[in-house]
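Asks: coords please:
(one chain, ligands or ions: 1)
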Amino acid sequence: MSLNNVESKTAQNSIEDFTKKKSGFTGKLGFVLAASGSAVGLGNLWRFPYLTAEYGGGIFIFCYIILAIFFGLTMLMLEIAIGRKTGKSVIGAFPALNKKFKWFGYVCVIVPLIIVPYYCVIGGWVVKYAWSFLVGSEGLVGAENATVTGEFFTTFISSTWQPLIFFLIFALFTIIIVAFGVQKGIENISKILMPALALIAVFLMIYVICQPGALEGVGYTLIPNFSNFSFKTILGALGQLFYSMSIGMCIMITYGSYMKKSVSIKSSATQIAIFDSIFALIASLIIIPAVFAFSNPAEVFKPDGDGPALMFIQLTNVFNALPGGRVIGVIFFVLVLFAAITSSVSLVESIVAVLCEDGRIKRVVACIIVFGAILVLGTLSSLGNGALANVEIFGKDILSAFDFLANNILMPIVAIITCVFAGWFIEKNIIPKEIGIDKSKGMTTYFNVIVKFVAPICIFLILLSGLFIKI
Ligand code: PHE
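Replies: The predicted structure is shown next:
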């Protein structure tokens with residue numbers, strides 16, 4: 001075995017170990033937990049609620065659910081099946097099924113490379129909030145109203161050094177875990193911490209919903225108001241779907257490559273999708289009703305309202321109102337941190353695996369290269385809220401521009417190419433067979449029609465209309 005192979009084997013150890021019986025789980029549960037570790041993260045807790053607020057509440061969630069059922073689940077099954085069929089990660093999997101597609105694996109890697117740096121910036125904000133609740137920072141804990149908690153956040157992100165330091169802490173933590181290949185340890189801990197996070201989240205949801213005025217927020221979140229609809233809503237929901245389920249950048253191929261043959265792709269993918277969506281929905285049902293109970297919805301939901309700040313400001317308001325809220329605040333943000341770390345590790349891992357697999361580079365060197373990229377792009381994203389606030393790309397600050405580029409442009413493009421590849425350029429029925437639906441004619445036809453026609457055409461149209469048509 002060449003050094004290369006040794007490196008790339010180490011690179012994917014964690015996923016492999018996770019799906020082995022010795023982890024104490026059955027193959028299926030191990031796989032579902034590992035993939036959910038990647039899926040559930042800041043996308044569910046931070047991004048989903050603020051997009052729900054930005055795109056008009058229930059209508060956004062309505063679009064999201066429709067897209068999740070028709071495209072999300074199909075893409076998830078498709079990526080996992082490509083991985084399991086070939087037993088290879090993203091670089092090897094495509095040429096194994098069609099030699100002409102070797103280039104595509106490299107294109108896929110661009111997406112995590114853009115996401116990781118700003119993911120680490122937001123991860124840094126979470127570290128800051130966990131720390132501030134712990135030490136009881138003034139202006140945060142016990143702040144007399146929502147304006148003060150809002151100011152605390154704005155002062156923090158617009159300063160130069162503080163967000164940079166917290167970003168560095170989060171980024172270093174991620175890189176060290178990947179460099180030493182200790183993902184398995186982190187995933188083992190998160191097997192306990194993720195359910196704990198779910199429990200606290202449900203508790204917070206019930207608490208917030210019981211506050212005066214909050215029910216209006218529940219209605220805003222759950223009842224679609226079609227007058228808030230535009231093509232941007234669907235594009236936003238589509239980008240969020242890819243981001244949240246960790247699809248549209250082909251990392252689920254790597255996960256699939258370590259999945260046992262005996263495990264059902266259909267039911268595992270369904271479980272991951274449901275788990276991920278429920279997490280996101282609960283987060284929205286904490287944060288949006290909290291706006292109605294503790295802040296001024298007219299201020300928060302105006303076009304340039306709270307945006308990415310929403311989770312941080314609103315949760316602070318909830319913890320300040322809750323008896324014993326400071327302790328719960330610390331626990332909650334630490335748990336969010338773990339959810340974020342399992343996701344950022346999976347993002348970095350997918351880049352490092354590719355560098356090691358084809359680039360004849362050692363794992364540690366690959367980690368240093370990725371860290372360098374994170375440092376440069378992450379610093380720009382972080383400063384985009386302060387020193388570089390006047391720099392605008394697509395009319396957005398630097399962090400939001402990276403986010404938009406990755407989720408709303410690149411991920412849909414990767415998804416389209418993946419569908420075209422699987423629908424038109426590989427042997428017929430390979431994928432339905434791998435998923436285990438080939439015995440049912442109806443299911444196979446449904447899957448083929450979605451992959452060959454509906455998904456690529458619709459995603460293409462959504463992409464175009466979201467970018468160019470204003471309603
Ligand atoms: N799905 C993760 C989240 O919700 C983010 C992520 C995106 C991770 C893409 C891996 C790949 O936070």
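Asks: what does the stretch 201-350 of the chain put close to the ligand?
Replies: 243-244, 246, 249, 251, 343, 346-347 (CB under 6 Å from any ligand atom). The way it works is simple: take the backbone N, C-alpha and C, and place the C-beta from them, glycine included.
Asks: For those residues, give me a markdown table that also has pLDDT, neighbour count and secondary structure.
Replies: Converted to a markdown table, those look like this (pLDDT from 0 to 100; neighbours: other CB atoms under 10 Å; DSSP: H, G, I helix; E, B strand; the rest coil):
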| residue | pLDDT | neighbour count | secondary structure |
| --- | --- | --- | --- |
| Tyr243 | 93 | 28 | helix |
| Ser244 | 95 | 27 | helix |
| Ser246 | 93 | 28 | coil |
| Met249 | 90 | 29 | coil |
| Ile251 | 88 | 27 | helix |
| Ser343 | 93 | 26 | helix |
| Ser346 | 91 | 27 | helix |
| Leu347 | 93 | 26 | helix |
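Asks: In contact with Glu427: list those residues for me.
Replies: Leu97 (CB atoms under 8 Å, 6 or more residues apart in numbering).
Asks: how about it, phi and psi?
Replies: Main-chain torsions, Glu427, degrees, to the nearest 10: phi -50, psi 140.
Asks: what's the average pLDDT for whichever strand or helix holds Tyr207?
Replies: Secondary structure from DSSP states H and E places Tyr207 in helix 183-209. Averaging pLDDT along helix 183-209 gives 87.
Asks: Tell me where the model's unsure across the stretch 351-471 of the chain.
Replies: Scanning the stretch 351-471 of the chain for pLDDT under 70 picks out 358-359, 469-471.
Asks: at 50 what do you get?
Replies: Applying pLDDT under 50 to the stretch 351-471 of the chain flags no residue at all.
Asks: quick one: terminal-to-terminal distance for stretch 31-46?
Replies: One end of stretch 31-46 sits 25 Å from the other (CA to CA, to the nearest Å).
Asks: So that stretch, near the ligand or not?
Replies: Yes: Stretch 31-46 reaches the ligand (CB under 6 Å from any ligand atom) through 38-39, 41-44.
Asks: Off-centre distance for that stretch?
Replies: 7 Å (CA atoms, centre = their mean, to the nearest Å).
Asks: Tell me which helix or strand comes right after the helix or strand where Lys102 lies.
Replies: Assessed by DSSP H and E, Lys102 sits inside helix 102-135. Later in the chain than helix 102-135, the nearest helix or strand by DSSP H and E is helix 146-158.
Asks: Report the buried residues of that next one.
Replies: Buried residues in helix 146-158, counted by 16 or more other CB atoms under 10 Å: 146, 148-150, 152-153, 156-157.
Asks: which residues are in contact with it?
Replies: With contacts defined as CB under 8 Å, 6+ apart, helix 146-158 is touched by 125, 128, 137, 139-140, 143, 162-163, 294-296, 306, 309, 312-313, 316-317, 320, 385-386, 389.
Asks: one step back: possible to save the residues of the stretch 201-350 of the chain next to the ligand as TSV with distance to Ile110?
Replies: Formatted as TSV, those follow (distance: CB to CB, whole Å):
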residue	distance to Ile110
Tyr243	15
Ser244	19
Ser246	16
Met249	8
Ile251	13
Ser343	18
Ser346	16
Leu347	12
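Asks: next SSE after the helix holding Tyr207?
Replies: Taking DSSP H and E, what comes next after helix 183-209 is helix 214-222.
Asks: I'd like to know which elements that following helix is packed against.
Replies: On a contact count with 3 or more CB pairs under 8 Å, 6 or more residues apart in numbering; DSSP states H and E, helix 214-222 meets helix 58-67, helix 183-209, helix 265-294, helix 297-300.
Asks: got a markdown table for these, with mean neighbour count too?
Replies: Output for these, formatted as a markdown table (neighbours: other CB atoms under 10 Å):
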| stretch | mean neighbour count |
| --- | --- |
| helix 58-67 | 20 |
| helix 183-209 | 18 |
| helix 265-294 | 23 |
| helix 297-300 | 16 |
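Asks: Rebuild these as a markdown table, extending it with distance to Leu168.
Replies: What follows is those, written out as a markdown table (distance: least, CB to CB, whole Å):
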| stretch | distance to Leu168 |
| --- | --- |
| helix 58-67 | 33 |
| helix 183-209 | 19 |
| helix 265-294 | 26 |
| helix 297-300 | 30 |
